[in-house]
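In: Sequence unavailable; structure follows:
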(Lines give C-alpha, C1' and ligand atoms only; values in the text may rest on other atoms or scores of the structure.)
Protein backbone atom coordinates (compact mmCIF):
# COMPACT_ATOMS: atom_id res chain seq x y z
CA UNK A 1 0.00 0.00 0.00
CA UNK A 2 1.11 3.51 -0.71
CA UNK A 3 1.34 6.24 1.93
CA UNK A 4 -2.20 7.42 1.10
CA UNK A 5 -3.67 3.97 1.81
CA UNK A 6 -4.14 3.36 -1.91
CA UNK A 7 -2.24 0.57 -3.61
CA UNK A 8 1.05 1.69 -5.13
CA UNK A 9 0.28 -0.31 -8.28
CA UNK A 10 -2.88 -1.55 -9.92
CA UNK A 11 -2.79 -4.18 -12.64
CA UNK A 12 -5.84 -4.90 -14.75
CA UNK A 13 -5.37 -7.68 -17.27
CA UNK A 14 -8.00 -8.13 -19.97
CA UNK A 15 -7.63 -11.45 -21.76
CA UNK A 16 -10.05 -10.79 -24.60
CA UNK A 17 -12.56 -8.24 -25.81
CA UNK A 18 -15.16 -9.70 -28.16
CA UNK A 19 -16.66 -7.20 -30.60
CA UNK A 20 -19.54 -8.83 -32.47
CA UNK A 21 -21.47 -6.58 -34.85
CA UNK A 22 -19.00 -3.67 -34.89
CA UNK A 23 -17.14 -2.44 -37.99
CA UNK A 24 -14.51 -0.38 -36.14
CA UNK A 25 -10.80 -1.20 -36.50
CA UNK A 26 -9.94 -3.53 -33.59
CA UNK A 27 -6.44 -2.03 -33.12
CA UNK A 28 -7.88 1.47 -32.75
CA UNK A 29 -10.63 0.22 -30.43
CA UNK A 30 -8.02 -1.55 -28.30
CA UNK A 31 -5.80 1.55 -28.07
CA UNK A 32 -8.72 3.79 -27.08
CA UNK A 33 -9.92 1.15 -24.59
CA UNK A 34 -6.51 0.94 -22.94
CA UNK A 35 -6.12 4.73 -22.68
CA UNK A 36 -9.57 5.23 -21.18
CA UNK A 37 -9.39 2.30 -18.76
CA UNK A 38 -5.97 3.49 -17.57
CA UNK A 39 -7.40 6.97 -17.01
CA UNK A 40 -10.42 5.63 -15.09
CA UNK A 41 -8.34 3.31 -12.90
CA UNK A 42 -5.91 6.15 -12.06
CA UNK A 43 -8.79 8.47 -11.25
CA UNK A 44 -11.13 6.06 -9.42
CA UNK A 45 -9.12 2.92 -8.63
CA UNK A 46 -10.69 -0.54 -8.78
CA UNK A 47 -13.38 -0.65 -6.07
CA UNK A 48 -13.80 -4.45 -6.22
CA UNK A 49 -10.13 -4.77 -5.22
CA UNK A 50 -10.32 -2.27 -2.33
CA UNK A 51 -9.68 -5.04 0.22
CA UNK A 52 -6.86 -6.70 -1.72
CA UNK A 53 -6.23 -8.54 -4.95
CA UNK A 54 -9.23 -9.87 -6.84
CA UNK A 55 -9.55 -12.03 -9.93
CA UNK A 56 -12.64 -11.79 -12.12
CA UNK A 57 -13.20 -14.26 -14.94
CA UNK A 58 -16.04 -12.39 -16.63
CA UNK A 59 -18.15 -9.29 -16.38
CA UNK A 60 -21.69 -9.44 -17.72
CA UNK A 61 -24.92 -7.53 -17.42
CA UNK A 62 -23.26 -4.36 -18.68
CA UNK A 63 -24.96 -1.77 -20.88
CA UNK A 64 -25.29 -2.49 -24.61
CA UNK A 65 -23.40 -0.22 -27.01
CA UNK A 66 -24.63 1.08 -30.39
CA UNK A 67 -22.96 -0.64 -33.36
CA UNK A 68 -22.21 2.59 -35.27
CA UNK A 69 -19.67 4.08 -32.84
CA UNK A 70 -16.23 5.20 -34.04
CA UNK A 71 -13.25 3.11 -32.92
CA UNK A 72 -12.22 5.80 -30.41
CA UNK A 73 -15.68 6.18 -28.95
CA UNK A 74 -16.26 2.41 -28.88
CA UNK A 75 -12.99 1.88 -27.00
CA UNK A 76 -13.89 4.61 -24.50
CA UNK A 77 -17.39 3.24 -23.93
CA UNK A 78 -16.08 -0.33 -23.53
CA UNK A 79 -13.54 0.90 -20.97
CA UNK A 80 -16.27 2.73 -19.06
CA UNK A 81 -18.46 -0.39 -19.09
CA UNK A 82 -15.58 -2.56 -17.84
CA UNK A 83 -14.71 -0.04 -15.14
CA UNK A 84 -18.36 0.01 -14.06
CA UNK A 85 -18.13 -3.78 -13.70
CA UNK A 86 -14.92 -3.43 -11.70
CA UNK A 87 -16.74 -0.88 -9.54
CA UNK A 88 -19.29 -3.49 -8.47
CA UNK A 89 -21.97 -2.85 -11.10
CA UNK A 90 -23.08 -5.63 -13.43
CA UNK A 91 -22.61 -9.33 -12.72
CA UNK A 92 -19.15 -10.58 -11.79
CA UNK A 93 -18.06 -14.17 -12.26
CA UNK A 94 -15.13 -14.82 -9.90
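Out: Ah, there it is. Here the structure is a predicted model, which is why all the values come from computation and not from measurement.
In: Any figure for the gap between residue 83 and residue 40?
Out: Distance from residue 83 to residue 40, counting by CB to CB, to the nearest Å: 4 Å. Where you see a C-beta, it was placed from the backbone N, CA and C, and this is true even at glycine.
In: do the same with residue 29
Out: Distance of residue 29 to residue 40, given as CB to CB: 16 Å.
In: which one of these two has more residues nearby?
Out: Taking neighbours as other CB atoms under 10 Å, residue 29 and residue 40 compare with residue 29 leading, 24 against 20.
In: I'd assumed residue 43 was in contact with residue 83.
Out: No: using CB atoms under 8 Å as the test, residue 83 is too far from residue 43 to be in contact (9.4 Å).
In: and the residue nearest to residue 22 when sequence neighbours are not counted, helix, strand or coil?
Out: Distances taken as CB to CB, 6 or more residues apart in numbering place residue 67 nearest to residue 22, at 5.7 Å, with adjacent residues excluded. Classification of residue 67 by DSSP: H, G, I helix; E, B strand; the rest coil places it in coil.
In: how deep is residue 67 tucked in, by neighbour count?
Out: Neighbourhood size, residue 67 [other CB under 10 Å]: 12.
In: Kindly report the same for residue 78.
Out: Residues near residue 78, counting by other CB under 10 Å, number 23.
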